[in-house]
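Peer 1: this is the structure alone, sequence omitted:
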């Protein structure tokens, strides 16, 4: 994985650096929080967009992750719990010229704001949704979240939770998201590249980032995401490539019927699943998203990347076409269809 | 006397200055259409008029059942009128259920036209009539005209290639034709409308036109009517007129605000009765650059509008009471971020789901206080259907100038009610100004205008003004998050003072009648017609009674206190349990008297007249006809 330098031909736009996207606000996440890494990769990535910073907007809800906009030197809106997507939807529909990021978390985006997430993805509005998944409520100090594993003991579940978690990738695919990816806070190169690719997709880009909460859920992803083990325990999905993992990519995943299985030391790619992000059919993506540690390596990367007209562009097109046929005239319109004259 | 051919019976023509008719039938009988067409014809004829549709919440309740009855009342006159009438003078009942649910409102001695074909055992049973009311003498207090509408209509449609059911559905045109004849109205408006409406369906068009003409001809030839009525045109100001409902006027007012300001309009809304028509209307106006967003829920609807406001658009969301409750947290975000936003609440009977198709004025305190924290918003309320147009423009003018959310309190009576409207000249409408911040020198997001206390509207896309806003309290100086006690104290006061200063920008309260005297009747919203008429009648009877109607509810007009103190007594009729009167008493320490009606129905003029007399000491205590001695069911 290397970070590419993405070029653009537009010479008008000043070259910005990471520093241009660092605001004057003191960052107030707990020392050691995974959010720092996501912020750093975002600030490194933004200059590569070659978009003037006044055209960038970060909108968030409530939660630790939702403090994010304060730290990025662009336009920013720290809204209310779960509703960032609704504000982003209105903004992008009204102003398709802006590049809009939505910063949310597993509680904000999947619990209180779950409905909005489904509908944004269904509409395919051109937003970049970054969901920080730490599988815990951090800002309210340690209750289980909709992605907490079954039976998890937390302050609000001293006997263990009695509910099943959501898999955010599955939710996104079910809602018809056109771009679905996952990355990990600690894998900085992969994270930066994933964020960049999300911005290049037209339509709703949904990126789940496994993010460590070192206070209330420390090590939630360590077993597979730590540097020492990640090549053995994660598989980096790449379009058109076999689904492989291991230090030398020596192992692979194949299907036994509809059931995936690990092939240890698969010498060749015969029978190994070949990833296809552009498939309209989501069967393969649905099989891959079910892979989980310890039985399988955890897949990260892009699950799906397909093109569909975006909501904002369709709305704009209707307006443009209506105006092309004849600009509205208020004086005519308010007369109504059947006016009458009194003399 | 009309000059008729000898074959036709002679009808005496009686001239009236005002008539109120109610059409009632099954919700599948097309009574709304019948009423609307009669209204249009009457408007073109030149009468002043007002309408009141009354339809069930069920789209199609079981045919012939009591809950399935749909009604439409229209009052028209040769004089200026302001309400759809207290009591119908004539009732058209298309089936027994319609008779049962509406007869109580018909004036004693009034005209009752029934389709006697529909008074069959099955329909009588559905309407819970043990015996046929047409035969048991129970209708002896009315002028009953029994017509075999169904059968006559069938005969008129003989030979058309339509099913029996399709033919049955033309009955309303038969009834319409008959009533148009009865009140001396021409058929051409309806013929023109139907020809356009059913142009793709020539068989149905033919059926409806035949039914219409047959109904008209029946009136002409029958001897059932001793008289026909004429209501001469009203003396109205010359000009171009149209018919308009409150919801149409609201939508057009919002569109006008867009044209007047030059800002594109964004409407985020979730379907809800009785506000959905505003969404339907605005969705048509794409050639004005209007973008409508049918959201997944009420919260998303207001959230999207906040996003559009943040993006520099003219931002609007609309709903009814339960939806306003859902929007309240997001509305507070607009309060905190000080963004210009208009929220329409077409009020309906509450609480909870309440009675969605019935009117009420019970969201005033919700609009005023229904949010956490000290959270002032501006509130305006139109007083007639056409006033919705002007108050929508006002709402946006205030929102943009003061960078503040404004709630427009309409109601089901205004929204669905309609009246003739003299179409205004666009040049006479107020200019709406806005300012995007552009100056990057010393820009701070909460640095306020000294006069209005509005913060700058710094819209994404403007270089050098990148900043962050949000629901957390911000420093008034830097715009950074602030938990400083003095800052929160000052910011809270500034948010309130900003709304209070709108008082300098709104007209004083106008009083109709004497500027001082025994009694002021004070109202707000859709009750204006009934209140003003009742006060006027009181004055004609020699009483010193004035009336005034508040269109600005937060802030109140600056002269309200002086007006209140100019009368010995103040009466406040409201379709709630006394919400305005609570504010008036608290704010001005005036011992105002409440008069509350919570029936899902507007005030009748006579009810307010009676209450006026009670307050003036001219009669004993007055209670509404259904006002129970006990609040327990059955009294």
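Peer 2: Structure received. Remember, predicted model here, so these are calculated numbers, not experimental data.

Peer 1: I figured residue B:54 was touching residue B:74, is that so?
Peer 2: No: the criterion here is Cβ atoms under 8 Å, and residue B:54 misses it with residue B:74 at 11.5 Å. Glycine gets a C-beta too; all of them are placed from N, C-alpha and C.

Peer 1: which residue does the stretch 451-600 of chain B have closest to chain A?
Peer 2: Closest to chain A within the stretch 451-600 of chain B is residue B:470: 3.0 Å, counting by Cβ to the nearest Cβ.

Peer 1: just give the nearest non-adjacent residue to the residue in the stretch 1-150 of chain B that chain A sits nearest to, would you?
Peer 2: Nearest residue of the stretch 1-150 of chain B to chain A (Cβ to the nearest Cβ) works out as residue B:44 at 4.7 Å. Closest residue to residue B:44 apart from its sequence neighbours, by Cβ to Cβ, 6 or more residues apart in numbering or on different chains: residue A:340 at 4.7 Å.

Peer 1: quick one: residue B:70 is in a strand?
Peer 2: Yes: when DSSP: H, G, I helix; E, B strand; the rest coil is applied, residue B:70 is found to be in a strand.

Peer 1: check whether residue B:518 really touches residue B:545, as I assumed.
Peer 2: Yes: using Cβ under 8 Å, residue B:518 is in contact with residue B:545, at 6.6 Å.

Peer 1: okay, and the common contacts of the two?
Peer 2: Residues touching both residue B:518 and residue B:545 (Cβ atoms under 8 Å, 6 or more residues apart in numbering or on different chains) are residue B:616.

Peer 1: neighbour count winner among those two?
Peer 2: residue B:545 (28 against 17; other Cβ atoms under 10 Å in any protein chain shown).

Peer 1: mind listing the residues bridging to that one?
Peer 2: residue B:519 (DSSP bridges).

Peer 1: who does residue A:300 bridge with?
Peer 2: Assigned bridge partners for residue A:300, using DSSP bridges, are residue A:236.

Peer 1: ok, residue A:49 - contacts?
Peer 2: A:6, A:56, A:99, A:196, A:199.

Peer 1: of those, grab the buried ones for ChimeraX.
Peer 2: Selecting only the buried entries of those in ChimeraX, with 16 or more other Cβ atoms under 10 Å in any protein chain shown as the criterion:
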select /A:56,99,196,199
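
Peer 1: among the contacts of residue A:49, which lie within strands?
Peer 2: Among the contacts of residue A:49, DSSP state E puts A:56, A:99 in strands.

Peer 1: which one of the contacts of residue A:49 is nearest residue B:150?
Peer 2: residue A:99 (64.4 Å; Cβ to Cβ).

Peer 1: and the contacts of residue A:49, which two are furthest apart?
Peer 2: A:6 and A:56 (15.6 Å).

Peer 1: thinking again about what came up before, could I get the phi/psi values of the residue of the stretch 451-600 of chain B closest to chain A?
Peer 2: Dihedral pair for residue B:470: phi 170, psi -180, per degrees, to the nearest 10.

Peer 1: hey, what's residue B:380 bridged with?
Peer 2: Assigned bridge partners for residue B:380, using DSSP bridges, are residue B:408, residue B:552.

Peer 1: ok, it to residue B:38 distance?
Peer 2: Plainly put, residue B:380 is 32 Å away from residue B:38 if you go by Cβ to Cβ, to the nearest Å.

Peer 1: repeat for residue B:261
Peer 2: 38 Å.

Peer 1: the two: who's more crowded?
Peer 2: Set side by side, residue B:261 and residue B:38 show unequal neighbour counts under other Cβ under 10 Å, the larger going to residue B:38 at 26 against 18.

Peer 1: surely the more buried one touches residue B:175?
Peer 2: No: using Cβ under 8 Å, residue B:38 makes no contact with residue B:175, being 9.6 Å away.

Peer 1: now do the helices in the stretch 151-300 of chain B.
Peer 2: B:164-168, B:171-182, B:188-197, B:202-221, B:246-261, B:276-282, B:298-310 (DSSP state H, counting those that start in this stretch).

Peer 1: buried ones in the fifth one, by neighbour count?
Peer 2: Neighbour-count burial for helix B:246-261, with 16+ other Cβ under 10 Å as criterion, is recorded at B:246-261.

Peer 1: now swap in stretch B:541-560 and tell me
Peer 2: Within stretch B:541-560, judged by 16+ other Cβ under 10 Å, the buried ones are B:543-557, B:559-560.

Peer 1: and what of stretch B:42-53?
Peer 2: Neighbour-count burial for stretch B:42-53 [16+ other Cβ under 10 Å]: B:42, B:43, B:44, B:45, B:46, B:47, B:48, B:49, B:50, B:51, B:52, B:53.

Peer 1: return the subset of those residues lying in strands.
Peer 2: Using DSSP E, the buried residues of stretch B:42-53 in strands are B:48, B:49, B:50, B:51, B:52, B:53.

Peer 1: and those residues as TSV, adding distance to chain A and pLDDT?
Peer 2: Shown next, in TSV, are those (distance: Cβ to the nearest Cβ, whole Å; pLDDT from 0 to 100):
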residue	distance to chain A	pLDDT
B:48	11	91
B:49	13	91
B:50	17	91
B:51	15	89
B:52	20	86
B:53	18	85
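
Peer 1: of the buried residues of helix B:246-261, closest to residue B:106?
Peer 2: For these, the nearest to residue B:106 is residue B:246 (26.1 Å; Cβ to Cβ).

Peer 1: which parts of the stretch 201-343 of chain A sit against chain B?
Peer 2: A:315, A:318-319, A:321-323, A:325-328, A:330-331, A:333-336, A:338-343 (Cβ under 8 Å from any Cβ of the partner chain).

Peer 1: can you flag the buried ones in these?
Peer 2: Applying 16+ other Cβ under 10 Å to those flags A:315, A:319, A:322, A:328, A:330, A:333, A:334, A:336, A:339, A:340, A:342 as buried.

Peer 1: and the second one, what are its phi and psi?
Peer 2: Recorded main-chain torsions at residue A:319 are phi -70, psi -50, according to degrees, to the nearest 10.

Peer 1: residue B:291 is in contact with that one, correct?
Peer 2: Yes: counting by Cβ under 8 Å, residue A:319 does reach residue B:291; the two are 6.4 Å apart.

Peer 1: hang on, the earlier thing: among the buried ones among the residues of the stretch 201-343 of chain A next to chain B, which lie within strands?
Peer 2: Those of those lying in strands (DSSP E): A:340, A:342.

Peer 1: closest one to residue A:212 out of the buried ones among the residues of the stretch 201-343 of chain A next to chain B, please.
Peer 2: After measuring those against residue A:212 - Cβ to Cβ - the closest member comes out as residue A:315, at 38.9 Å.

Peer 1: please consider this matter closed, and thank you.
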